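Undergrad: Fold the following and give me the result.
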Amino acid sequence: VGFGDVYKRQTLSVPIEMALGVMLIAAAPGGVTSNVLTKFANGDVALSISLTAVMSLLSIVTVPFIVINSVNLFDITYVEREITMVAISLKMFFVVTVPVIIGMIIRHFTGDLVIKNLKFIQRFSIALFLLVFAAIYIEEWDKIVSFLTRAGLIALILNLTMMVIGFYVAKFFASGVPQQRAISLECGLQNGTLAVFVATQLFDNIIYMVPTAAYALVMMATSVIFVFILRKNNFKILKGIANLGYRPTFNQKKILLEVHLFNFSGNLYNKHLSVEFTKFIRKEKKFKKVDQLKKQIQSDLKVAKKS
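TA: The predicted structure is shown next:
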């Protein structure tokens with residue numbers, strides 16, 4: 001990404017301040033937006049969230065390293081504030097890592113509550129995302145035009161390059177289509193808030209933040225189009241009931257995922273399947289007799305079909 005941005009700066013005659021701003025957004029990890037849009041695209045949401053969490057944790061080292069080396073690469077000698085990699089990393093730790101750890105702790109202690117209300121949480125997060133997205137466009141329209149005029153082209157090139165690379169690299173290395181979609185969106189959607197935070201810690205001039213703002217606008221437009229194309233050519237979604245566990249009634253030692261699809265008949269061998277849990281019914285239980293298990297399964301099926 002770094003060499004690509006240097007090349008684009010030379011080719012597009014981008015001011016050096018703008019080039020460093022592009023490096024800021026290029027170095028940033030994916031954000032929560034990628035998780036929401038992965039849900040829209042019927043991608044692997046669990047993979048998307050995992051990638052966001054892991055890359056956010058790594059970013060406290062990678063982002064300062066890339067940005068400080070970019071300052072040296074572009075021979076910028078007029079940084080307004082004295083900076084060190086350790087100082088930025090510590091600040092990013094409290095901005096990025098601490099919230100992730102808090103979220104993991106909350107998820108650990110409220111696991112059943114989250115699972116039971118998963119559908120509501122997903123719908124609420126999507127509605128909130130759309131509301132904020134619309135409010136920003138309405139409130140900041142004049143600034144949006146300015147940002148796009150100044151850095152729209154270079155932001156578009158970076159965004160499309162990362163999404164295309166992510167899509168086709170994942171095609172060869174990912175396990176299925178949902179994972180491919182998740183990785184592509186994760187590559188194309190950056191954490192603009194984090195990039196702005198780092199910029200404010202280094203510079204007083206707003207020009208360094210222009211590419212970040214332009215990229216945020218461009219990535220929303222391209223990702224929505226990308227999701228629309230994916231949904232138009234979407235794979236079939238089947239409803240069913242699943243059990244992920246050890247089958248205690250049969251003394252199973254290894255964890256196993258079993259799925260029963262409703263109203264389906266066909267051959268699924270050698271097919272890529274993705275299973276998404278939408279509602280928690282009950283915990284695993286060891287039955288004394290197989291007949292008791294069968295009776296419970298029939299009861300579970302009735303509950304699942306009503307959901």
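Undergrad: going forward, measure contacts and count neighbours with C-alpha atoms only.
TA: OK.
Undergrad: mind saving the C-alpha coords of the helix or strand where Met18 lies as PDB?
TA: Assessed by DSSP states H and E, Met18 sits inside helix 16-27. C-alpha atoms of helix 16-27 as PDB (Å, rounded to 0.1, in the frame of the first residue of the first chain):
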ATOM      1  CA  ILE A  16       2.800  15.900  -0.100                       C
ATOM      2  CA  GLU A  17       0.500  16.700   2.800                       C
ATOM      3  CA  MET A  18      -2.400  15.000   1.000                       C
ATOM      4  CA  ALA A  19      -0.100  11.900   0.200                       C
ATOM      5  CA  LEU A  20       0.600  11.500   3.900                       C
ATOM      6  CA  GLY A  21      -3.100  11.800   4.700                       C
ATOM      7  CA  VAL A  22      -3.700   8.900   2.300                       C
ATOM      8  CA  MET A  23      -1.100   6.900   4.100                       C
ATOM      9  CA  LEU A  24      -3.000   7.600   7.400                       C
ATOM     10  CA  ILE A  25      -6.200   6.100   6.000                       C
ATOM     11  CA  ALA A  26      -4.400   3.300   4.200                       C
ATOM     12  CA  ALA A  27      -2.700   2.300   7.500                       C
END
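Undergrad: Which elements pack onto the very next helix or strand once past it?
TA: The helix or strand immediately downstream of helix 16-27 is helix 32-40, counting by DSSP H and E. In terms of contacts (3 or more C-alpha pairs under 8 Å, 6 or more residues apart in numbering; DSSP states H and E), helix 32-40 is packed against helix 45-73, helix 118-139, helix 177-188, helix 210-232.
Undergrad: Recalculate using a threshold of 6 Å.
TA: The helices and strands touching helix 32-40, judged by 3 or more C-alpha pairs under 6 Å, 6 or more residues apart in numbering; DSSP states H and E, are helix 45-73, helix 177-188.
Undergrad: Confidence-wise, which of the ones you listed is weakest overall?
TA: Between the helices and strands packed on helix 32-40, the one with the least mean pLDDT is helix 45-73; it has a mean of 81.
Undergrad: can you pull the buried residues of that one?
TA: Under the neighbour-count criterion of 16 or more other C-alpha atoms under 10 Å, helix 45-73 has 45, 47-49, 51-53, 55-57, 59-68, 70-71 buried.
Undergrad: and Ile241, what helix or strand is that in?
TA: If you go by DSSP H and E, Ile241 is part of strand 240-245.
Undergrad: ok so, going back, in JSON lines: the helices and strands packed on helix 32-40, plus distance to Ala155.
TA: As requested, the helices and strands packed on helix 32-40 are exported to JSON lines (distance: least, C-alpha to C-alpha, whole Å):
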{"stretch": "helix 45-73", "distance to Ala155": "17"}
{"stretch": "helix 177-188", "distance to Ala155": "11"}
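Undergrad: Let me know whether my guess that His260 is in a strand holds.
TA: Yes. According to DSSP: H, G, I helix; E, B strand; the rest coil, His260 belongs to a strand.
Undergrad: same question for the helix or strand harbouring Leu194, mean pLDDT?
TA: Element membership of Leu194 [criterion: DSSP H and E] is helix 192-202. Throughout helix 192-202, pLDDT has a mean value of 75.
Undergrad: what angle separates it from helix 210-232?
TA: When axes from the mean of the first three to the mean of the last three C-alpha atoms, to 10 degrees is applied, the directions of helix 192-202 and helix 210-232 differ by 170 degrees.
Undergrad: now helix 192-202, how far from the centre of its chain.
TA: On the basis of C-alpha atoms, centre = their mean, to the nearest Å, helix 192-202 sits 19 Å off its chain's mean C-alpha point.
Undergrad: contacts for that helix?
TA: 24-25, 28, 81, 212 (C-alpha atoms under 6 Å, 6 or more residues apart in numbering).
Undergrad: can those go into TSV with extra columns for neighbour count and pLDDT?
TA: Shown next, in TSV, are the contacts of helix 192-202 (neighbours: other C-alpha atoms under 10 Å; pLDDT from 0 to 100):
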residue	neighbour count	pLDDT
Leu24	27	80
Ile25	31	82
Ala28	27	82
Arg81	11	50
Thr212	30	76
